[in-house]
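> Return atomic coordinates for the entry below.
(one chain, ligands or ions: 2)
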Amino acid sequence: MPPKMMPFEEALTFFQTCLPTLVEKESVPLASALGKVLAEDIVSPINVPPAANSAMDGYALNIDQASEHADTKQTPFQVSQRIPAGHAPSPLVTGTVARIFTGAEIPLGANAVIMQEEVRVNSDDTISLLRLPSANENIRPKGQDVASGQSILHSGQHLNAMDIGLLASIGINRVTIFKPLQVGILTTGDELIAPGTPLQDGQIYNSNGPMLQGLLTQSGYQVIDVTHCLDDKAATESVLQNLANKVDIILSSGGVSVGEEDYVKDAIERNGTINLWKVAMKPGKPIVIAKVFNTPLIGLPGNPSSTLVTYHWLANAALRRASGQAIQRPKPIPVKASFSRNKTISRDEFLRVSIQNGQAKPHPQQSSGALLPACESDGYLHIPAGFEINQEDSYDFYPFSTF
Ligand code: AMP
Ligand code: MG
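Ligands and ions are numbered 1, 2, ... in the order given. Presented below is the predicted three-dimensional model:
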């Protein structure tokens, strides 16, 4: 049966939802949580900062008391205490000021801090104010950053360095995360050899294996095995069985069309269940989501640009879900096209473009077999099926870094 042509948006929704979470949770020290997927919602148990503190080195005072003096600039104020950061203050003695440093708690009774550059220190160690500060000036209020009870991070999000800092700021030293998804890569084809060996007639180098390994690693997944398999029925079957025993999910490239040499498809059909679609996207097309030897498998097309685009757009969506991440479509940036095209096509197109003078300029080479154009581009310009391209109209641009 010829594969069904599935509209791109339908395929994306399917890939976003088709797999269950395949990984378990574990508690890890904060230092090991970078790049991992959070498996709990985080609600802050404290205010950050826990108490109002000074944003400047200066003097804490009560502006209502200070303004009672007819001539603030001349009036000397006693410095009744010194409050370095980390030391608890005493309540402010009425009519005096407190020497205070950045990050030190504001004493009870003070309602402003004047910068040290805005006072005159008199010979008797009193100070005079060069101006009267306004209420709450240079005071960072309690809970300014995070309020006690505030929900700050959510299960399913990737923890970046800022998140780690935020968790530390609320006193958390361990978090529950999802264990990294363990992936096995399978590349296929008699024509492929590993880089580092001289090419014989009819051969090309295997670029998808190393590329997929890089893409998976960049996304935070653990590549357990990278295997290449010749176009052979028995070999394909035994390699798939071996991978299935070791990993949470298999990612393959090539061998999934409907040709006589497409052994991955055949092996799955004999040992599991298969959904094979032609997704209406360019580059792209044949893509598989399957279960083989009881293990999920995503089968990407073999042409390197198709492999890249279907990884970024479809495999990634399924892997995100399998690894415990929240469903999230990459975030587009509207960018004007640098060109017009009257011709429409019936597939969603992902042009490799570079941004020049604020406009998206397509790489002249858009062949699905070519990889250099992607390396020379900044990201994808998404042209939905049936759309013309009008210079000056905006389209969704997705930098490669968003995937
Ligand atoms: P297939 O889907 O196996 O028919 O492969 C489609 C095209 O992609 C063919 O031209 C293959 O030579 C090429 N191809 C398949 N796998 C790889 C790979 N791992 N690295 C580079 N090119 C590949
Ligand atoms: Mg092949």
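> what about Leu108, how many residues close to it?
10 (other CB atoms under 10 Å). (Glycine included, C-beta is placed from N, CA and C.)
> can I assume it is in contact with Ala88?
No - using CB atoms under 8 Å, Leu108 makes no contact with Ala88, being 10.7 Å away.
> Give the bridge partners for the nearest residue to Ser401 once chain neighbours are set aside, please.
Leaving aside its sequence neighbours, Ser401 sits nearest to Gly379 (CB to CB, 6 or more residues apart in numbering; 7.7 Å). Assessed by DSSP bridges, Gly379 has beta-bridge partners Val353, Pro399.
> Enumerate residues external to stretch 21-29 that contact any of its residues.
Stretch 21-29 has contacts (CB atoms under 8 Å, 6 or more residues apart in numbering) with 36, 39, 173-181, 248-249, 296, 321-324.
> Of those, select the buried ones using a ChimeraX command.
Written as a ChimeraX command, the selection of buried residues from the contacts of stretch 21-29, which uses 16 or more other CB atoms under 10 Å, is:
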select :36,39,175,176,177,178,179,180,181,248,249,296,321,322,323,324
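> Among the contacts of stretch 21-29, which ones are in strands?
Those of the contacts of stretch 21-29 mapping onto strands are 174-178, 249, 296, per DSSP state E.
> what residues are up against whichever residue of the stretch 51-200 of the chain sits closest to ligand 2?
Ranked by CB to the ion, the top residue of the stretch 51-200 of the chain for proximity to ligand 2 is Gly189, at 3.8 Å. Each residue near Gly189 by CB under 8 Å, 6+ apart is listed here: 206, 230-231, 254-255, 302.
> What is the burial count for Ala88?
Look at Ala88: counted by other CB under 10 Å, it has 9 neighbours.
> Need the pLDDT of it.
Looking at Ala88, its pLDDT is 97.
> hang on, the earlier thing: roughly how far does the residue of the stretch 51-200 of the chain closest to ligand 2 sit from Ser27?
43 Å (CB to CB, to the nearest Å).
> Of all residues in this protein, which one is closest to ligand 1?
Taking CB to the nearest ligand atom, ligand 1 has its nearest neighbour within the chain at Gly302, 2.5 Å off.
> Contact partners for whichever residue of the stretch 201-350 of the chain sits closest to ligand 2?
For the stretch 201-350 of the chain, the residue closest to ligand 2 is Gly254, as judged by CB to the ion, at 4.1 Å. Residues near Gly254 by CB under 8 Å, 6+ apart: 187-189, 208, 264, 300-302.
> give me that answer again for 6 Å
188-189, 302 (CB atoms under 6 Å, 6 or more residues apart in numbering).
> Which pLDDT does the model give the closest residue to it other than its chain neighbours?
Nearest non-adjacent residue to Gly254, counting by CB to CB, 6+ apart: Gly302, 3.0 Å away. pLDDT, the model's per-residue confidence, is 94 for Gly302.
> Leu371 too?
Leu371 is given a pLDDT of 95.
> Go ahead and name everything in contact with stretch 356-368.
283, 303, 305-306, 335-338, 351-354, 373, 377, 381, 397.
> Repeat the analysis, applying 8 Å as the threshold.
Outside stretch 356-368, the residues touching it (CB under 8 Å, 6+ apart) are 282-284, 301, 303-306, 335-339, 351-355, 372-373, 376-377, 381, 395, 397.
> Give me the buried positions along it.
So stretch 356-368, judged by 16+ other CB under 10 Å, has buried residues 359-363, 366, 368.
> Buried residues in the longest helix anywhere in the chain, which are they?
The residue-count maximum for a helix in the chain (DSSP state H) belongs to helix 233-246. Within helix 233-246, the residues that qualify as buried are 236-237, 239-240, 243-244, counting by 16+ other CB under 10 Å.
> and if you look at stretch 250-259?
So, applying 16+ other CB under 10 Å, buried residues of stretch 250-259: 250-257.
> Could you list the contact residues of the stretch 251-400 of the chain toward ligand 1?
253-255, 257, 301-304 (CB under 6 Å from any ligand atom).
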